[in-house]
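Novice: sharing a model that was predicted from the sequence below.
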Amino acid sequence: MDWKQPLCCLLCSLPLLVALEIQTINSINELEEHNFGKSFPQNGIPLLYWFSSLIDIDQSNTIRFKEGSYDPVTDIPFELIENSGSLPYIDPFGERDYYSAGDIKSGSFSYLPFYVTQDYYNAKNYNGKNVDRIIIVIDKWYTPVRVDQVYVAEVSECDPPNDTKNITITYRVGIQLLRQITTLTNPHDCRNKFLKDIFPHLGFSLTLAENMFGKPGLPLFMALSGYDLVDRYNITAQAWSCSPLLSAGARKSLCDTSRQELAIRTSHDGHAVVSWHGLPSTVLKLHTTVALFLIDDRNNALFQQRIDGQASGTLETSVPLDPGLQVHLIKQDVSDSTIWQGPGLNDANRQIPVAVGNASASMQIFTRKGYAGVRLYIRKSFTSWQDDFYYSWVAFYASEEDSNEEYLSHQWQWVTRFTKHKLLSLIRWNVYEYVSNTYIAPGLNARFFLTDYDEWARTMPWDM
């Protein structure tokens, strides 16, 4: 009802009068007993699964990020947040701060995998699609940085959604729970056994999860955590024109969307390539179209083509690869409707920035209008960077196998000549960019040289 939203926001504005004790969830069994992220379109359970994939836990229970999963200069894929009193006080020893991931209105959201974001894109008018968060305490005094505390939280749907004053539910995540989640994804552990024999009480719930989530270990985690899989399946079945779930005996007619994919790749001349894979048989009987839109303009298709009966395929377009592009699968009838939306295109292809040597700087490859660019993030405290990088340069390479001398002709630039990006200049770091005349293409990578061919950083190859 319309009166609920203003009341919600009024309550959000009230001061926090009582300091609530935050419970710790120590196991998946305990997670099942708590009301966090349990129903569509909430994504807290996949978000927690995603976080567990980023970290390693040693024998002393110290948590650190895996190589390439976190950048200490920009904090990507997390964002710095202020504690307004809803979270425990942090002793200022070292460089400890609170960081968050999960807010769809923030830049870090585009670095989340599609299994976390898909329900947001496809929830339409459902409430609760932007309420779940992972909140962590990072201590940068250590090298590599250390994660001291992990929380899951729900915020109200009032604006601003990433303000900690809006937190309504918070739980601390215990080390044992994180260990259990990583165990579910271990190929040498229970995943290779017959799961229904190991967890017979899950029964039909696990079958439902396996038909909707293809990531190793995620279906089992969804089922064990108590997520409402029946409700999500019924919503999914309606979207994909599948048979409704009537009874356990109907499991053979389940709509298998665990392997479906709508994606945007790139051609060798910087154009978007529409890709789809694993569409369920129910959709193949319909008149369907794949279309390319900008996320902020869903009324004007940049490209569209009928694909009736094709479960998989690719189509090259004349649309330059640019951030914000998104593939829709459309059912064509009297009133065309979107069946499913793929992930929005992140301009860096979800690549985490790479450290530039031991300097307070990071580098990232990105695309703009089909061309390749390099973005440098430099901490504001690194005031001597122009002197230190006076002879430094960046170049593009067609393949990771190319030697440093084989950079693409004329596709390089002095670091001190990069252009400052005013809109991306944030509290702790500045952003400098160079956009080349080279098309973004599969295998393209960028390298940073301190002087001559003294390589200090290299991006991952563009893999689309």
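Specialist: Right, received. Where do you want to start?

Novice: I'd guessed Tyr115 sits against Lys215; true?
Specialist: Yes. A contact is recorded between Tyr115 and Lys215 when judged using C-beta atoms under 8 Å, the distance being 5.2 Å. All C-beta atoms are positioned from the backbone trio N, CA, C, and that covers glycine.

Novice: just checking, Glu405 touches Tyr453?
Specialist: Yes. Counting by C-beta under 8 Å, Tyr453 is a contact partner of Glu405 at 6.8 Å.

Novice: the two - which one has more neighbours?
Specialist: It is Tyr453, of Glu405 and Tyr453, that has more neighbours when counted by other C-beta atoms under 10 Å, with 13 against 7.

Novice: I'd assumed Asn234 was in a helix, is it?
Specialist: Yes. Inclusion of Asn234 in a helix is indicated when DSSP: H, G, I helix; E, B strand; the rest coil is applied.

Novice: can I see the domain layout of the protein?
Specialist: In the domain annotation for the chain, the residue ranges read 4-184, 190-253, 261-341, 354-458 (automatic domain parsing).

Novice: backbone dihedrals for Ile169, please?
Specialist: Backbone torsions for Ile169, taken as degrees, to the nearest 10, come to phi -140, psi 130.

Novice: what are the boundaries of the helices in the stretch 251-400 of the chain?
Specialist: Secondary structure of the stretch 251-400 of the chain (DSSP state H, counting those that start in this stretch): helices located at 281-284, 385-388.

Novice: who does the closest residue to Tyr151 other than its chain neighbours bridge with?
Specialist: Distances taken as C-beta to C-beta, 6 or more residues apart in numbering place Ile135 nearest to Tyr151, at 4.3 Å, with adjacent residues excluded. With DSSP bridges applied, the residues forming beta bridges to Ile135 are Ser100, Tyr151.

Novice: which residues touch Ile135?
Specialist: Taking C-beta atoms under 8 Å, 6 or more residues apart in numbering as the contact definition, Ile135 lies against 81, 87, 98-100, 150-153, 170.

Novice: what sits against the most centrally placed residue in the chain?
Specialist: In the chain, the C-alpha closest to the average C-alpha coordinate belongs to Leu112, at a distance of 0.3 Å (C-alpha atoms, centre = their mean). With contacts defined as C-beta under 8 Å, 6+ apart, Leu112 is in contact with 47, 50, 77, 101-102.

Novice: any idea which of the residues you listed is closest to Thr317?
Specialist: If you rank these by distance to Thr317 using C-beta to C-beta, Pro77 comes first, at 28.4 Å.

Novice: residues contacting that closest one?
Specialist: Taking C-beta under 8 Å, 6+ apart as the definition of contact, the neighbours of Pro77 are 69-70, 101, 108, 111-112, 352.

Novice: what about Tyr397, distance to Val173?
Specialist: Note on Tyr397: its distance to Val173, by C-beta to C-beta, to the nearest Å, is 41 Å.

Novice: ends of stretch 25-42, how far apart?
Specialist: With C-alpha to C-alpha, to the nearest Å applied, stretch 25-42 spans 19 Å between its terminal residues.

Novice: show residues contacting it.
Specialist: Residues external to stretch 25-42 that are found in contact with it (C-beta under 8 Å, 6+ apart): 23, 43-45, 47-48, 119-120, 122-123, 126, 128-129, 131-132, 152, 154, 169, 171-174, 176-177, 180-181, 221, 224-228, 231-232, 235.

Novice: filter those to the buried ones?
Specialist: A residue is treated as buried here by neighbour count (16 or more other C-beta atoms under 10 Å); on that basis the buried members of those are 43-45, 47-48, 119-120, 122-123, 128-129, 131-132, 152, 154, 169, 171-174, 176-177, 180-181, 221, 224-227, 232, 235.

Novice: where does the chain dip in pLDDT?
Specialist: Filtered on pLDDT under 70, the chain yields the residue ranges 1-20, 157-165, 187-201, 245-253, 334, 423-426, 464.

Novice: can you do 50?
Specialist: Counting by pLDDT under 50, the chain has low-confidence residues at 1-20, 161, 189-192, 194.

Novice: so the residue nearest to Ile63 when sequence neighbours are not counted: helix, strand or coil?
Specialist: If you skip the residues right next to it in sequence, Ile63 has Val147 as its closest partner in space, 4.0 Å away by C-beta to C-beta, 6+ apart. Under three-state DSSP, the three-state class of Val147 is strand.

Novice: mind checking how far stretch 297-312 is from the chain centre?
Specialist: In this view, stretch 297-312 has its centroid 24 Å away from the chain centroid, taken as C-alpha atoms, centre = their mean, to the nearest Å.

Novice: only the buried residues of that stretch, if you could.
Specialist: Buried residues in stretch 297-312, counted by 16+ other C-beta under 10 Å: 301-304, 307.

Novice: circling back: measure the residue nearest to Ile63 to Val230 for me?
Specialist: Where Val230 is concerned, Val147 sits at a distance of 34 Å (C-beta to C-beta).
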